[in-house]
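*Asks:* With the input below, show me the fold.
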Amino acid sequence: MPNRIHKISSKEISATYQKTVLPNGIRIVSEEISHVKSISIGVWIDSGSRNETESTNGVSHFLEHMVFKGTENRSTQQIARSLESVGGYLNAFTTKEHTCYYARVLDEFTELAVDVLADLVQFPLFPEKEIEKEKLVILEELKNAEDDPDDLIHDYFETSIYAGHSLRFPVLGSAKNVSSFKRKDLTGYVRERYTSGNIVVAAAGSFPHRKFVDLVQKYFTLYRKSSAQPQESKISRTRKHTQEFQKPIQQAHICTGTVGYSVHSKHRFPSLVMNTLLGDGMSSRLFQNIRERYGFAYSVYSFLNMLRDTGSFGVYLGTDKKHIQQALDLVFAELRSLRTKPIPKAELQRTKAQLKGSMLLGLESTSARMMRLGTGELYFGEFTELETISREIDSVSVDDVSEVAQQLIKEDSFSTIIFAPAKN
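*Replies:* Here you go, the predicted structure:
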């Protein structure tokens, strides 16, 4: 088994990273953190809503729910009690590119956590009765999403900028699809996507890597070879357009933006710096101008989502319906300023310090560290040391940010989605 060890020497965070690839292709990555008493474990599946079709959209998320409804070794109630009975935590989530089943327990219950997670991923039963019941649960989840316009608008935005590509699919799917799913849809998806080469087991906490590898080998016994074909992933920018939707809401919601960079882009760190400066936090330009100076929004921010081969960049805000156009004008004025005027060096240095600090603060929990390990392995196939990331951020120049701004901020390729309060 290949085994690589990288030492992290950081004043803020000190840990040991190791990686092992099992003979069946499952990758195991871990950080041993000796000063904590807990461990966070995640089983990552390299599959999400982008791997679906028009008719199967929502199946990744439906499957994530259904594995908790009984396995060959545990009933629904036994799964629910398995880790809570020892003070632990068990949950899962689905994204456009990944599905993750994760647990956090005291280190003395590490074997139990690995056992439960392996059981969920390898031996779900998908009882027909539970499938019908869970359809009702997810239909309620879809209704709940409709009642959360500041989150829902991002689904509409991604449908717009990723038109014609599977990335346009919302993670939850549609009510029509959810209502139509059968047991064969779930078992077929498991055979195709829940394969050994698609699995990463990540752990961060107080547990030696060698012992953790032994546990994963003990409980992850199934070997599945993928038959899925690589997907076409060409995405082109859309032309400028605006769509307005009437919603039964009190406040207008606006999301505007365009296709961005992938996690592998050379512009990754300059774009992170630009996004932080533009709309991350109270000191950002958007917050200071639109909220503090004009009082047009309670919530306003920019966002940058980087995926395997593409990404998105944009701005969100919520405002009174009578301020929609004024708020949009202010947003585009800030975007044009970024595109045409060099950033003052003092502002750039302050922004880079903010970005590095928030990154380090975000890694203080074992759960956050496990998430970083899992996504890092899936996207890059390796671990990136914090010092390397800090150096990359420090090296970003005024010219680097200007180049990114000029490439990204082209108004003729921006899609704008508006949720307006219904007249009645």
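
*Asks:* Any stretches of the stretch 251-400 of the chain with poor pLDDT?
*Replies:* Scanning the stretch 251-400 of the chain for pLDDT under 70 picks out nothing.

*Asks:* can you pull out the strands in it?
*Replies:* All strands of the stretch 251-400 of the chain, identified by DSSP state E, counting those that start in this stretch, fall at 252-259, 297-306, 311-319.

*Asks:* And the longest one, what's buried?
*Replies:* So that's strand 297-306. Neighbour counts over strand 297-306 (16 or more other CB atoms under 10 Å) mark 297, 300-306 as buried. Bear in mind the C-beta positions are built from the backbone N, C-alpha and C, glycine included.

*Asks:* Of all the strands of the stretch 251-400 of the chain, which one is nearest Ala113?
*Replies:* Of all the strands of the stretch 251-400 of the chain, it is strand 297-306 that lies closest to Ala113, at 29.9 Å by CB to CB.

*Asks:* elements contacting that closest one?
*Replies:* Under the contact criterion of 3 or more CB pairs under 8 Å, 6 or more residues apart in numbering; DSSP states H and E, strand 297-306 touches helix 268-279, helix 285-286, strand 311-319.

*Asks:* could you redo the last one with a cut-off of 10 Å?
*Replies:* On a contact count with 3 or more CB pairs under 10 Å, 6 or more residues apart in numbering; DSSP states H and E, strand 297-306 meets helix 149-161, strand 252-259, helix 268-279, helix 285-286, strand 311-319, helix 324-340.

*Asks:* and Ser415, how many neighbours?
*Replies:* Neighbourhood size, Ser415 [other CB atoms under 10 Å]: 26.

*Asks:* residue contacts, it?
*Replies:* By CB atoms under 10 Å, 6 or more residues apart in numbering, the contact list for Ser415 reads 156-163, 237-243, 255-259, 312, 314.

*Asks:* So what does it look like in phi/psi?
*Replies:* Backbone torsions of Ser415, given as degrees, to the nearest 10, read phi -100, psi 130.

*Asks:* And it, how far from Arg239?
*Replies:* Per CB to CB, to the nearest Å, Ser415 is found 9 Å from Arg239.

*Asks:* next one: Ile417
*Replies:* To Arg239, Ile417 is 15 Å away according to CB to CB.

*Asks:* Which one's more surrounded, the two?
*Replies:* Comparing Ile417 with Arg239 by other CB under 10 Å, the one with more neighbours is Ile417, at 26 against 8.

*Asks:* so which strand or helix has the more buried one?
*Replies:* Taking DSSP states H and E as the criterion, Ile417 maps to strand 415-421.

*Asks:* Could you tell me the angle between that strand and strand 252-259?
*Replies:* Relative orientation of strand 415-421 versus strand 252-259 (axes from the mean of the first three to the mean of the last three CA atoms, to 10 degrees): 170 degrees.

*Asks:* Just give the closest residue to Ile235, not the sequence neighbours.
*Replies:* Nearest non-adjacent residue to Ile235, counting by CB to CB, 6 or more residues apart in numbering: Thr310, 4.8 Å away.

*Asks:* typo on my end, Gln243
*Replies:* Setting aside the residues directly before and after it, Gln243 is nearest to Ile417 in space (CB to CB, 6+ apart), at 5.6 Å.

*Asks:* In the stretch 101-250 of the chain, what residue spans correspond to helices?
*Replies:* Applying DSSP state H, counting those that start in this stretch to the stretch 101-250 of the chain gives helices spanning 110-122, 128-146, 149-161, 175-180, 183-193, 209-219.

*Asks:* Deepest in the core, which of the ones you listed is it.
*Replies:* Mean neighbour count, computed with mean count of other CB atoms under 10 Å, is highest for helix 110-122 among the helices of the stretch 101-250 of the chain, reaching a mean of 22.

*Asks:* closest to Thr366 out of the helices and strands packed on strand 297-306?
*Replies:* Across those, closest to Thr366 is helix 268-279 (CB to CB), at 24.0 Å.

*Asks:* Which strands and helices lie in contact with that closest one?
*Replies:* Helix 268-279 packs on helix 285-286, strand 297-306, strand 311-319, helix 324-340, helix 345-361, helix 386-394, helix 398-408, going by 3+ CB pairs under 10 Å, 6+ apart.

*Asks:* who wins for proximity to Ala103 among those?
*Replies:* helix 345-361 (23.5 Å).

*Asks:* elements contacting that closest one?
*Replies:* Applying 3+ CB pairs under 10 Å, 6+ apart, we find helix 345-361 packed against helix 268-279, helix 386-394, helix 398-408.

*Asks:* Please identify the most buried of the ones you listed.
*Replies:* Highest mean neighbour count among these (mean count of other CB under 10 Å): helix 268-279, a mean of 23.

*Asks:* ok now that one, how far from the chain's centre?
*Replies:* The chain centroid and the centroid of helix 268-279 are separated by 18 Å, computed with CA atoms, centre = their mean, to the nearest Å.

*Asks:* and if you look at stretch 76-87?
*Replies:* With CA atoms, centre = their mean as the basis, stretch 76-87 stands 26 Å off its chain's centre.

*Asks:* Pull out the buried positions in it.
*Replies:* Residues of stretch 76-87 classed as buried: 79, 82-83 (neighbour count, 16+ other CB under 10 Å).

*Asks:* Also stretch 345-362?
*Replies:* Applying 16+ other CB under 10 Å to stretch 345-362 flags 348, 351-352, 354-356, 359-360 as buried.

*Asks:* Just the closest of those residues to Val331, please.
*Replies:* Of all the buried residues of stretch 345-362, Val331 sits closest to Thr351, with 18.6 Å by CB to CB.

*Asks:* Report the separation between the closest one and Pro170.
*Replies:* Taking CB to CB as the measure, Thr351 and Pro170 are separated by 32 Å.

*Asks:* go on, Leu355?
*Replies:* 29 Å.
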